[in-house]
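Visitor: 3D, please:
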Amino acid sequence: MIFELKETEQAAPLFDGWQETMIWSCLQGVMGKLYADSDREPAFAMALLGDFCFLAGKPDRELILYQPKPYWRDFMIVVPENAEWAGLIEECCGEHAVRVTRYAMKKEPQVFDREKLRAITDSLSDGYALKMIDEPLFWHCQKYAWCRDWTAQYDDYAAFQRYGLGVAVMKDGEPVSGASSYSGYRGGIEIEIDTREDYRRRGLAAICGAKLILECIDRGWYPSWDAQNLWSVALAEKLGYHFDYEYTAYEVRKESV
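Guide: Predicted coordinates:
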């Protein structure tokens, strides 16, 4: 039987060593959900936040097939702890689980060059403006699919003020690029960067990313970066991050079960 963990610290040993801030968000009870087979000494657990699902402990078919409502979405990125979990995902989900490679960046709080980041921020061309995400912009960006993830994981603006932070590049009063917190935890955020399709390849992602990192440094927060692709790795490295390792994930569609 699978059920939601209310005392989230019970799952901490299963996720020991994982450097995923979304798992930390779940364990801290800040955001996300944890599911397991026991509330005392769970053998396996699932951390669920937004589009992401992390599986740890003893591989279990029931947990993979479990889709708690309303937190399980039509499209999920499922990250297995090891090859045994990965094989079970493929067995249970078949063609609906697409194996992908993601790229972890090192978590080095002291690595950032403030002057370099300021220089990138100051390179913003005339006609554009940088704007921190305030309450009107918080709700405004949720209307558009391309920038919804800047704030979508937060129940309201009060939660975003406490555990989130974001900046947008504005053009004629509308956001065209931005860097924000996909999720937050006590001590930092997980960065989400998006640029509207007709404004890409203009350096805007680097500019808003640099600004967000500077804002995090000023708050004493760590701006964690996990890369979906090699373009994201290159952007992260431009801003001061260092590549750590590749890892396997699965893009799972709801039709899989």
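Visitor: Tell me which stretches of the stretch 101-250 of the chain form helices.
Guide: Assigned by DSSP state H, counting those that start in this stretch, the stretch 101-250 of the chain shows helices spanning 114-121, 135-140, 157-163, 204-219, 230-238.
Visitor: Which one, of those helices, ends up nearest to Leu88?
Guide: Checking the helices of the stretch 101-250 of the chain against Leu88 by Cβ to Cβ gives helix 230-238 as the closest, at 28.0 Å. To be clear about C-beta, it is placed using only N, CA and C from the backbone, and glycine gets the same treatment.
Visitor: got the buried residues for that closest one?
Guide: Ser232, Val233, Leu235, Ala236 (16 or more other Cβ atoms under 10 Å).
Visitor: pretty sure the first one contacts Tyr103?
Guide: Yes - under the criterion of Cβ atoms under 8 Å, Ser232 makes contact with Tyr103 at 7.2 Å.
Visitor: neighbours of Ala45, just the number please.
Guide: Ala45 has 30 neighbours, counted by other Cβ atoms under 10 Å.
Visitor: Could you list the paired strands of the host helix or strand of it along with their orientation?
Guide: Using DSSP states H and E, Ala45 sits within strand 44-49. Here strand 44-49 is paired, per DSSP bridges, with strand 33-36 (antiparallel), strand 52-57 (antiparallel).
Visitor: Residues contacting the helix or strand following the last one, please?
Guide: Using DSSP H and E, the helix or strand that directly follows strand 52-57 along the chain is helix 61-65. Contact with helix 61-65 is made by 2, 35, 37, 44-46, 55, 78, 88-89, 91-93, 257, as judged by Cβ atoms under 8 Å, 6 or more residues apart in numbering.
Visitor: Mind checking which of the residues you listed are buried?
Guide: Buried, going by 16+ other Cβ under 10 Å: Ile2, Tyr35, Asp37, Phe44, Ala45, Met46, Leu55, Val78, Leu88, Ile89, Cys92, Cys93, out of the contacts of helix 61-65.
Visitor: Can you get me a residue count around Gly164?
Guide: So Gly164, with other Cβ under 10 Å, has 21 neighbours.
Visitor: and it, what does it touch?
Guide: Gly164 sits in contact with Ile133, Thr151, Tyr154, Ser180, Ser181, Gly184, Ile189, where contact means Cβ under 8 Å, 6+ apart.
Visitor: and the third one, how many neighbours?
Guide: Pointing back at Tyr154 there. For Tyr154, using other Cβ under 10 Å, the count is 22.
Visitor: tell me the phi and psi of it?
Guide: Note on Tyr154: backbone dihedrals following degrees, to the nearest 10 are phi -100, psi 130.
Visitor: distance of it from Leu165?
Guide: 11 Å (Cβ to Cβ, to the nearest Å).
Visitor: what do those two both touch?
Guide: Gly184.
Visitor: farthest pair in the buried residues of helix 230-238?
Guide: Val233 and Leu235 (7.4 Å).
Visitor: sorry, back to before: only C-alpha atoms, please: export the strand holding Ala45 in CSV.
Guide: Taking Å, rounded to 0.1, in the frame of the first residue of the first chain, the C-alpha atoms of strand 44-49 are listed here in CSV:
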residue,chain,number,x,y,z
PHE,A,44,11.0,2.9,-0.9
ALA,A,45,9.7,6.4,-1.6
MET,A,46,8.7,8.9,-4.3
ALA,A,47,9.4,12.6,-4.2
LEU,A,48,6.9,14.5,-6.4
LEU,A,49,7.2,18.2,-7.3
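Visitor: follow-up on the earlier one: of all pairs in the buried ones among the contacts of helix 61-65, which one is the farthest apart?
Guide: Taking Cβ to Cβ, no two of these sit farther apart than Asp37 and Cys93, at 19.9 Å.
Visitor: okay, now the domains of the protein?
Guide: What automatic domain parsing lists as the domains of the chain is 3-105+248-256, 114-241.
Visitor: Pull the distance from stretch 195-203 to the chain's centre.
Guide: Remark: stretch 195-203 is offset 21 Å from the chain centroid, using Cα atoms, centre = their mean, to the nearest Å.
Visitor: Fine by me, thanks again.
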